[in-house]
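Peer 1: below are the sequence and a predicted model; questions follow.
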Amino acid sequence: MRAQSMVKAGILSLAAAFLAAAGCDQKNPQAAETPPPVVLVSRPVERKDVSDFQVFTARTQAVQSVDVKARVSGFLTKIVVKDGADVKEGDILFEIDDRPYKAALDQAKATLSHAKASLDLAKAALVKAQADYDIGLSVQKQEKGAISDQEVVRRLGARDEAKANISVATAGIGQAEAALEMAQLNYDWCKVTSPLSGRSTRHLVNAGDMVTQAVTVLDNIVSLKPVWAYFNVDQKTAQQVQIQIREGKLKSARKGEMPVGMNLGVGNDDAFPIAGTIDYVSNQLDPNTGSIQVRAVFPNEDETLVAGLFARIRVPIAAPHEALLVNDRALGTDQGQRFVRVVNDKNEVEHRIVEVGQLHEGLREVYRFRKVMEPGSDGKLVEKKVEVLKPTDWLVVEGLMRARSGDKVEPKHVDMQTLLPSDGDAKKTAPQ
């Protein structure tokens, strides 16, 4: 029994030793190797014609807006134009009762005919008076006593009077022609026509209403092509643009050579697809607002723009230049400084502080160089320009927080703008 007890004790000691050894192994397990995090990378988009700009709020306005008024007084008999219809110059819009003006026109025609007949009579009287005078002179020369001097003088006076009557009759014709022309105009004005091509508003009178010459507004017509947009530019921006123009870096806005874009707030707020040019700049700044009024003109060939729209106008304020553009998701912020993280050819992450500019078609400009203060040869700090970003760099655009400086990552290449997988040479040259 004692021997059996000793055997059992030995077995238990051995088991305890094995369990202790196993416990020591579990306290210090071998760590499994963690794979590098996967990040999406892309190269900056390089462009050579990027311009800085400012955006201003504007209101569109029709180039022409005309109140259509009656040019003669009378009762309105017919409304021809439909409310809101597009019209062409010369189209009939309204009709006024023309019967009184037709009667006046017929009277003017008759007066002209009477004046012409009076001229014919005056001409015939002159022919007769001239013949009598010529005969009197001829008879007096042949036989001096056959006709008296008084008779010759009388016939001369009759001839001169006939000439005067012709002048009066001629003037009467001119007067009658002018009256006829006025009567014809009044008659024609009974049909109210559009003074320009454009779009009408609703009719402001009804058939049967009495309209008064040059007082009653019948309709309003606005032109459709082109369209103006007015906006105000602050003094600082105006001076900055003026400096660029003087240096020949920008075209003159006063000469209608500065292109602009318009956004109506529909779709992408960063896109300004409607192209126009500045055609007017005020001659002075408004002292109350510290701004200057500017006008842009847009062709509006598709007639989508109408007067009164709220719009945003993008105006270039600097000359076109080369730029590197990146997606905003490639940019991080640390204590007010913007940074990017670059994956080098060893798949290691590099942290770089950058300076950024404006958005251009959804991508942010990142300046290739950055000014830094470094010690010079004399130990004093001097300003130097350092290249912080190259077109060939691979930027982390997804997984920025996982890509810590100095760590290794597994990069996957994507398109900078869409962040979708990209094809082509970029795939071959991406870091592996």
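Peer 2: Sure thing, it's come through. Residues are numbered from 1 along each chain as shown.
Peer 1: leaving out chain neighbours, which residue sits closest to residue 381?
Peer 2: Leaving aside its sequence neighbours, residue 381 sits nearest to residue 373 (Cβ to Cβ, 6 or more residues apart in numbering; 4.6 Å). The C-beta positions use only the backbone N, C-alpha and C, and glycine is treated the same way.
Peer 1: so what's the residue count around the one you found?
Peer 2: 10 (other Cβ atoms under 10 Å).
Peer 1: tell me the bridge partners for it.
Peer 2: residue 383 (DSSP bridges).
Peer 1: isn't it right up against residue 385?
Peer 2: No - in terms of Cβ atoms under 8 Å, residue 373 does not count as a neighbour of residue 385; the distance is 11.4 Å.
Peer 1: one step back: what about the residue nearest to residue 381, distance to residue 330?
Peer 2: Distance from residue 373 to residue 330, counting by Cβ to Cβ, to the nearest Å: 26 Å.
Peer 1: now the longest strand seen in the chain: mean pLDDT?
Peer 2: Among all segments of the chain classified by DSSP state E, the strand with the greatest residue count is strand 53-62. Computed over strand 53-62, the mean pLDDT rounds to 93.
Peer 1: and stretch 168-179, by the same measure?
Peer 2: Model confidence over stretch 168-179, given as mean pLDDT, is 93.
Peer 1: list of residues touching the longest strand of the chain?
Peer 2: Under the contact criterion Cβ atoms under 8 Å, 6 or more residues apart in numbering, strand 53-62 has outside partners 198, 222-224, 227-233, 237, 262, 294, 296, 305-318, 358.
Peer 1: just the helices from this structure, written as ranges.
Peer 2: Taking DSSP state H to define them, one finds helices in the chain at 2-27, 99-142, 149-188, 235-246, 425-429.
Peer 1: residue 88 is nearest to which of those helices?
Peer 2: With respect to residue 88, and counting by Cβ to Cβ, the nearest of these is helix 149-188 at 17.7 Å.
Peer 1: okay, now the unreliable bits of the chain?
Peer 2: Under the criterion pLDDT under 70, the flagged ranges of the chain are 1-32, 267, 423-432.
Peer 1: got the domain boundaries for it?
Peer 2: Structural domains of the chain, as assigned by automatic domain parsing, span the residue ranges 53-63+224-318, 68-97+191-221, 98-189, 323-429.
Peer 1: out of the ones you listed, flag the one nearest residue 38.
Peer 2: When the domains of the chain are compared by Cβ to Cβ, domain 323-429 sits nearest residue 38, at 4.7 Å.
Peer 1: quick one: distance of that closest one to the chain centre.
Peer 2: Relative to the mean C-alpha coordinate of its chain, domain 323-429 is positioned 36 Å out (Cα atoms, centre = their mean, to the nearest Å).
Peer 1: picking up where we left off before, for the longest strand of the chain, buried residues please.
Peer 2: Using 16 or more other Cβ atoms under 10 Å as the test for burial, strand 53-62 gives 53, 54, 55, 56, 58, 60, 61, 62.
Peer 1: now do the contacts for the residue nearest to residue 381.
Peer 2: With Cβ under 8 Å, 6+ apart, residue 373 has these contacts: 381, 382, 383, 384.
Peer 1: was I right about the second one contacting residue 372?
Peer 2: No - using Cβ under 8 Å, residue 382 is not in contact with residue 372, being 9.8 Å away.
Peer 1: I figured residue 318 was touching residue 52, is that so?
Peer 2: Yes - Residue 318 is in contact with residue 52 according to Cβ under 8 Å; the separation is 4.1 Å.
Peer 1: find the nearest non-adjacent residue to residue 79, please.
Peer 2: Looking at residue 79 with Cβ to Cβ, 6+ apart, the closest residue is residue 203, at 5.3 Å.
Peer 1: ok, the one you found to residue 217 distance?
Peer 2: Distance, residue 203 to residue 217, by Cβ to Cβ: 10 Å.
Peer 1: what residues are shared contacts of those two?
Peer 2: Looking at what touches both residue 203 and residue 217 (by Cβ under 8 Å, 6+ apart), there is no common residue.
Peer 1: of the two, who's got more company?
Peer 2: Per other Cβ under 10 Å, whichever of residue 203 and residue 217 has more neighbours is residue 203, with 18 against 12.
Peer 1: would you confirm that the more buried one contacts residue 220?
Peer 2: No - between residue 203 and residue 220 there is no contact, the gap being 10.1 Å when judged by Cβ under 8 Å.
Peer 1: one step back: make a markdown table out of the contacts of residue 373 and add distance to residue 325 and neighbour count.
Peer 2: Rendered in a markdown table, the data for the contacts of residue 373 read as follows (distance: Cβ to Cβ, whole Å; neighbours: other Cβ atoms under 10 Å):
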| residue | distance to residue 325 | neighbour count |
| --- | --- | --- |
| 381 | 32 | 10 |
| 382 | 30 | 11 |
| 383 | 26 | 9 |
| 384 | 25 | 12 |
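Peer 1: nearest to residue 115 among these?
Peer 2: Proximity of the contacts of residue 373 to residue 115 (Cβ to Cβ) peaks at residue 383, which lies at 93.6 Å.
Peer 1: I figured residue 37 hits residue 399, correct?
Peer 2: Yes - A contact is recorded between residue 37 and residue 399 when judged using Cβ under 8 Å, the distance being 6.3 Å.
Peer 1: overlap of the contact sets of those two?
Peer 2: Listed as contacting both residue 37 and residue 399 by Cβ under 8 Å, 6+ apart are residue 409.
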